[in-house]
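Enquirer: no FASTA, just this:
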């Protein structure tokens, strides 16, 4: 991040500490900044003659002119008015509320934002500032925002091997704060010389996302907006909805996504006695291969249906998708048969803000129907065994995945060279034929071959700090599994595990 961006981020973030004394969370603060930043930038565009769809009575100038209770009341009225209807602006302001209860502090925040000329700030700097705020929010464990923030180095590596191209459409059905969509945008814009029509398509038609949480969707739309996406469009590129609820009516050239981990699809209801209950909900869609309440398996099926024939996908999934029986086996068999599941990247723990996550990335292309499976070989890159990352002391960098990107060979993935052999047993890159995979119990794709140094005699056991960290990670992963079981058994048990 540039010095200019860092300074502005720090200035905006420092004010959050003042508001926290009033009980405002990091997430609430970023939301309020989103509303006010959008109104300020709209005002700056008005002054240079750009059209605006925000009524004059709710424009930025109306806030700057007020103080005290009048400002608080007008701000609340503005949020309510701009959140009605459909399109880009209502998506940002949908269900918006004023969380700043002290009018004097609201006035101070308005003054702070009014003091910057955001139009003079380049798109890159504005985007860096907002990304910086989102990452700070994700780092706050209590906010829970980390579940919507996929590590940017991982996203960049995935997009680098997927190679989105001009004119293609890219979708993220669980878009969070928009990391995948923005990385795809950056890749296309920096790796190609685009003409006017290609730029227009990239900014207004190429990207689409769905997010079920209103607050997260607004952050995503604002993130895209600050990157120059959607400025001239009244249609929001992000839709607030449950992606799994219905079969898609539009298909895409590429799907990039990190669906939510750790929860089964569920519905909440109130009993006749007034008790709140939650039940696991099996998603039933006639375009799915199987019905299950496992949200991750449903997302894998949904992503397959979102793709055009020969469309390409990269999906982050937890380990259970690779080995779970029943519906899991059905999904794996169908995925191997009806798509080319050509690559699996095994990820280390310690890179996600949600603790204890053991995840992988599935890379596959959707194919037309035929009798024999489309998948002929599956290549595995094991970046988990003997790899140790932490969010603060040893974070993941894009360069950590250079070897994977080179091995993937995005220029021609049909010309790959394994780094593992009997003579090179430490190689992280190897492939398995479809017959070997289908012969495995339950078509288990949780395949690993490297020796785990922590289980070996000698130096591997000499670092108690590392051993303790791994124990904590395993316990957190196990606790998450118990939470899933508890949710199925009832709210009372789930609460006791919180």
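Expert: Received the coordinates, thanks. Everything quoted here is computed from the prediction, not taken from an experiment.

Enquirer: neighbouring contacts of stretch 316-326?
Expert: Stretch 316-326 is contacted from outside by 150, 154, 257-259, 261-262, 292, 294, 296-297, 299-300, 328, 331-332, 344, 347, 357-362, 442, 444-446, using Cβ atoms under 8 Å, 6 or more residues apart in numbering. C-beta coordinates here come from the backbone N, C-alpha and C atoms, glycine included.

Enquirer: per-residue confidence averaged over that stretch?
Expert: Mean pLDDT, stretch 316-326: 95.

Enquirer: buried ones in that stretch?
Expert: 316, 317, 318, 319, 320, 321, 322, 323, 324 (16 or more other Cβ atoms under 10 Å).

Enquirer: for stretch 330-349, what is the average pLDDT?
Expert: pLDDT averaged over stretch 330-349 gives 97.

Enquirer: Oh, that last question was meant for stretch 382-392, not what I typed.
Expert: On average, stretch 382-392 scores 90.

Enquirer: coming back round to it: now list the buried members of the contacts of stretch 316-326.
Expert: 150, 154, 257-259, 261-262, 292, 294, 296-297, 299-300, 328, 331-332, 344, 347, 357-362, 442, 445-446.

Enquirer: hang on, isn't residue 409 packed against residue 416?
Expert: Yes. The pair residue 409 / residue 416 is scored as a contact, 5.3 Å apart, by Cβ atoms under 8 Å.

Enquirer: thinking again about what came up before, of the buried residues of stretch 316-326, which belong to helices?
Expert: Judged by DSSP state H, these include 320, 321, 322, 323 as members of helices.

Enquirer: closest to residue 311 among these?
Expert: Closest approach to residue 311 among those (Cβ to Cβ): residue 321, at 19.7 Å.

Enquirer: From residue 429, how far out is the closest one?
Expert: 21 Å (Cβ to Cβ, to the nearest Å).

Enquirer: go on, residue 421?
Expert: Residue 421 is 11 Å from residue 429, by Cβ to Cβ.

Enquirer: got it, and residue 413?
Expert: 12 Å.

Enquirer: Among the contacts of stretch 316-326, which are located in helices?
Expert: Those of those lying in helices (DSSP H): 154, 296, 297, 299, 300, 328, 331, 332.

Enquirer: Please convert those to TSV, extending it with distance to residue 368.
Expert: Formatted as TSV, these follow (distance: Cβ to Cβ, whole Å):
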residue	distance to residue 368
154	31
296	26
297	23
299	22
300	19
328	25
331	19
332	20
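
Enquirer: Which parts of the stretch 351-498 of the chain are helices?
Expert: Secondary structure of the stretch 351-498 of the chain by DSSP state H, counting those that start in this stretch: the helices cover 402-408, 434-438, 464-489, 491-496.

Enquirer: Lowest average pLDDT across those?
Expert: For those, the stretch scoring lowest in mean pLDDT is helix 491-496; its value is a mean of 38.

Enquirer: Show me what the strand of greatest length in the chain pairs with in its sheet, parallel or antiparallel.
Expert: Determined from DSSP state E, the single longest strand within the chain is strand 307-318. Using DSSP bridges, the strands paired with strand 307-318 are strand 252-257 (parallel), strand 359-366 (antiparallel).

Enquirer: quick one: average confidence on the first one?
Expert: Strand 252-257 carries an average pLDDT of 98.

Enquirer: Pull the distance from that strand to the chain's centre.
Expert: 13 Å (Cα atoms, centre = their mean, to the nearest Å).

Enquirer: any residues touching it, and which ones?
Expert: Contact with strand 252-257 is made by 155, 158-159, 162, 164, 168-175, 180-181, 183-184, 208, 299, 303, 306-308, 311-316, as judged by Cβ under 8 Å, 6+ apart.

Enquirer: now the longest one
Expert: By Cβ under 8 Å, 6+ apart, the list of residues contacting strand 359-366 from outside reads 154, 158, 161-162, 261, 300, 304, 307-319, 321-322, 335, 338-347, 352, 374-375.

Enquirer: Kindly recompute the last result at 6 Å.
Expert: Applying Cβ atoms under 6 Å, 6 or more residues apart in numbering, the set of residues contacting strand 359-366 from outside is 304, 307, 309, 311-318, 339-341, 343-347.

Enquirer: Just the buried ones from these, in PyMOL syntax?
Expert: If you want just the buried ones from the contacts of strand 359-366 in PyMOL, going by 16+ other Cβ under 10 Å, the selection is:
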select buried, resi 304+307+311+312+313+314+315+316+317+318+339+340+341+343+344+345+346+347
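
Enquirer: As a check, name the ranges of all strands in this structure.
Expert: 170-172, 207-211, 238-240, 252-257, 266-270, 276-280, 307-318, 339-346, 359-366, 377-382, 429-433.

Enquirer: Export those as CSV, with columns for distance to residue 82.
Expert: Listed next are the strands of the chain as CSV, based on distance: least, Cβ to Cβ, whole Å:
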stretch, distance to residue 82
strand 170-172, 25
strand 207-211, 19
strand 238-240, 15
strand 252-257, 29
strand 266-270, 29
strand 276-280, 32
strand 307-318, 34
strand 339-346, 42
strand 359-366, 37
strand 377-382, 46
strand 429-433, 51
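
Enquirer: out of those, nearest to residue 453?
Expert: strand 377-382 (13.1 Å).

Enquirer: for the closest one, packing partners?
Expert: strand 339-346, strand 429-433 (3 or more Cβ pairs under 6 Å, 6 or more residues apart in numbering; DSSP states H and E).
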